[in-house]
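1. Could you work out the structure for the sequence below:
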Amino acid sequence: MVSQPSRRIVRGALVATAAVVAAALPTAPATAQPNAADALKKYNELQEQASKLNQDHLKVQDDLKAKQGELDKAKGDLANAQKAEETLRGQVDLLTEATNSGANFSQISALLVSDSQQDFLNRMSAINILAADNAEALQKLTDAVNAADNATKTATEATETSKKLLAEMDQKKADLDKQLADAKKVYDGLSSTVKNQMLQNGDMSNISVPAGAAGRALQFALDQRGKPYVYGSNGPNSWDCSSLIQKAYASAGVSIGRTSYAQAAAGRSVGRGEVKAGDIIVYYSSQSHVAMAVDGIRAVHASTEGVPVKIADIDSIGPISVIRRVEG
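-> Residues are numbered from 1 along each chain as shown. Down below sits the predicted model:
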């Protein structure tokens with residue numbers, strides 16, 4: 001039978017041993033790791049949102065340029081109409097002056113002053129010609145001015161709408177930039193191993209490309225590997241996802257839109273099993289990210305801030321929305 005003092009000694013030893021084991025367990029890292037993973041996940045989510053906002057922002061800029069072009073054309077039309085007005089008004093004034101001076105007679109006055117039936121017919125013909133010319137000149141003048149005024153009004157309203165949208169996008173971008181800055185503070189606390197993995201250039205080997213525009217575009221995109229992603233950048237030292245694709249095809253002599261939205265409508269649609277080098281792969285239901293196929297398995301893309309242009313597995317980039325073939 002164990003004595004009471006012996007029981008106390010055993011219990012004391014067990015407590016001491018448990019304390020040592022508890023102190024040795026990596027409780028802090030176990031708690032920190034899920035937080036780090038959550039932070040990285042949140043960071044990636046915010047970057048995806050930023051990519052969409054970036055494309056929205058670029059689209060509004062394109063819309064604004066288009067509307068400004070319409071406005072410039074409308075102003076040109078108005079200027080031409082004003083010149084035409086001066087000419088036509090001069091013609092109308094001459095006709096009016098002729099009327100006031102008695103050249104444009106009424107049918108009764110023409111009859112009264114006519115020397116003969118032929119003279120009367122000649123005078124009536126002159127009256128009809130003057131009246132027709134007057135009406136035609138006035139109608140042309142009215143139509144030209146009204147058309148130009150309407151075009152200017154429409155283009156001005158459209159431009160104001162685009163400006164409001166652009167201001168809204170700027171505000172959204174500013175709000176998101178703040179969120180990204182907050183997320184990056186946590187991201188900066190991640191292990192150097194994780195951050196170094198993100199900064200890796202990936203496969204930098206020489207890759208053979210097919211002949212034709214698609215091959216030349218792919219070669220351009222591959223040559224950009226290692227360059228940083230910057231929102232709204234148009235190269236040549238940094239890119240966003242859609243500027244890389246646009247400039248790649250521009251280098252091959254093919255013009256496509258600036259945004260991933262426009263690129264999602266370029267060329268023709270192909271299925272996932274048909275993918276070949278140079279195809280444009282658009283991701284997410286929002287169509288806010290785009291990459292270029294290297295082959296049926298890999299794609300090169302400017303993915304997100306903090307990650308250089310690199311090659312990745314096509315299906316690992318995100319859910320595919322549409323695949324477009326520009327050539328062939």
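2. Gln47 is in what secondary structure piece?
-> helix 27-100 (DSSP states H and E).
3. ugh, wrong one, Ser255
-> Going by DSSP H and E, Ser255 is not part of any helix or strand.
4. which non-adjacent residue is nearest it?
-> Tyr249 (7.4 Å; CB to CB, 6 or more residues apart in numbering). All C-beta spots, glycine's among them, are computed from the backbone N, C-alpha and C.
5. Quick one: residues contacting the one you found.
-> 213, 217, 255-256, 326 (CB atoms under 8 Å, 6 or more residues apart in numbering).
6. what's the answer for Ala265, then?
-> Counted by CB under 8 Å, 6+ apart, Ala265 has contacts 257, 324.
7. Look at it and tell me its secondary structure.
-> Reduced to three states with DSSP: H, G, I helix; E, B strand; the rest coil, the structure at Ala265 is coil.
8. What of Tyr231?
-> Tyr231 ends up coil, using three-state DSSP.
9. distance of Lys75 from Ala155?
-> 8 Å (CB to CB, to the nearest Å).
10. The two: which is more packed in?
-> Each of Lys75 and Ala155 has its neighbours counted (other CB atoms under 10 Å); Ala155 has more, 21 against 15.
11. didn't that one look like it was pressed against Ala66?
-> No - with contact defined as CB atoms under 8 Å, Ala155 and Ala66 do not form a contacting pair (10.0 Å).
12. For the stretch 1-150 of the chain, give me the ranges with low pLDDT.
-> Applying pLDDT under 70 to the stretch 1-150 of the chain flags residues 1-36, 39, 84-85, 88-135, 137-138, 141.
13. what about 80?
-> 1-44, 46, 71, 74-75, 77-149 (pLDDT under 80).
14. Ok, the stretch 201-328 of the chain next?
-> Ranges of the stretch 201-328 of the chain meeting pLDDT under 80: 328.
15. Which strand or helix spans Ala158?
-> Using DSSP H and E, Ala158 falls in helix 117-187.
16. do Ile281 as well
-> Using DSSP H and E, Ile281 falls in strand 280-283.
17. Pretty sure Arg324 sits in a helix.
-> No - per three-state DSSP, Arg324 lies outside any helix segment and is strand.
18. Bridged to it, which residues?
-> Bridge pairing for Arg324 (DSSP bridges) gives the partners Ser269, Ile280.
19. before we move on, the earlier item: against Gly212, how distant is the residue nearest to Ser255?
-> Applying CB to CB, the value for Tyr249 to Gly212 is 12 Å.
20. go on, Ser51?
-> Counting by CB to CB - Ser51 and Gly212 are separated by 29 Å.
21. quick one: which of these two has more around it?
-> Ser51 (27 against 14).
22. Is that one in contact with Gln287, as I believe?
-> No - judged on CB under 8 Å, Ser51 makes no contact with Gln287 at a distance of 10.5 Å.
23. May I see the buried residues of stretch 195-213?
-> Buried residues in stretch 195-213, counted by 16 or more other CB atoms under 10 Å: 198, 207, 209-210, 213.
24. Stretch 293-307 now?
-> 293-295, 298-307.
25. between these, which is nearest Asp313?
-> Arg298 (6.3 Å; CB to CB).
26. The closest one touches Asp315, doesn't it?
-> No - Arg298 is beyond contact range of Asp315, at 10.1 Å (criterion: CB under 8 Å).
27. all strands for the stretch 201-328 of the chain, in order.
-> Ranges of strands within the stretch 201-328 of the chain are 268-269, 280-283, 289-293, 298-301, 310-313, 320-325, based on DSSP state E, counting those that start in this stretch.
28. who's in contact with Ser238?
-> Shown in contact with Ser238 (CB under 8 Å, 6+ apart): 227-230.
29. Specify the beta-bridge partners of Ala299.
-> Ala293, Ala312.
30. how far away is it from Lys310?
-> 10 Å.
31. now swap in Val322 and tell me
-> Val322 is 22 Å from Lys310, by CB to CB.
32. Have a look at the two and say which one is more surrounded.
-> Lys310 (22 against 15).
33. I figured that one hits Leu199, correct?
-> No - Lys310 sits out of contact with Leu199 when judged by CB under 8 Å, with a separation of 9.9 Å.
34. circling back: between the contacts of Tyr249, which is closest to Ala81?
-> Ser255 (33.2 Å).
35. Next one: that closest one relative to Gln219, how far apart?
-> 18 Å.
36. If you count surrounding residues, which of those two has more?
-> Set Ser255 next to Gln219 and count neighbours by other CB under 10 Å: Gln219 wins out with 18 against 9.
37. Now for the residue nearest to the more buried one when sequence neighbours are not counted: which residues touch it?
-> Leaving aside its chain neighbours, Gln219 sits nearest to Val209 (4.9 Å; criterion: CB to CB, 6+ apart). Taking CB under 8 Å, 6+ apart, we find Val209 in contact with 215-216, 218-219, 222, 277-278.
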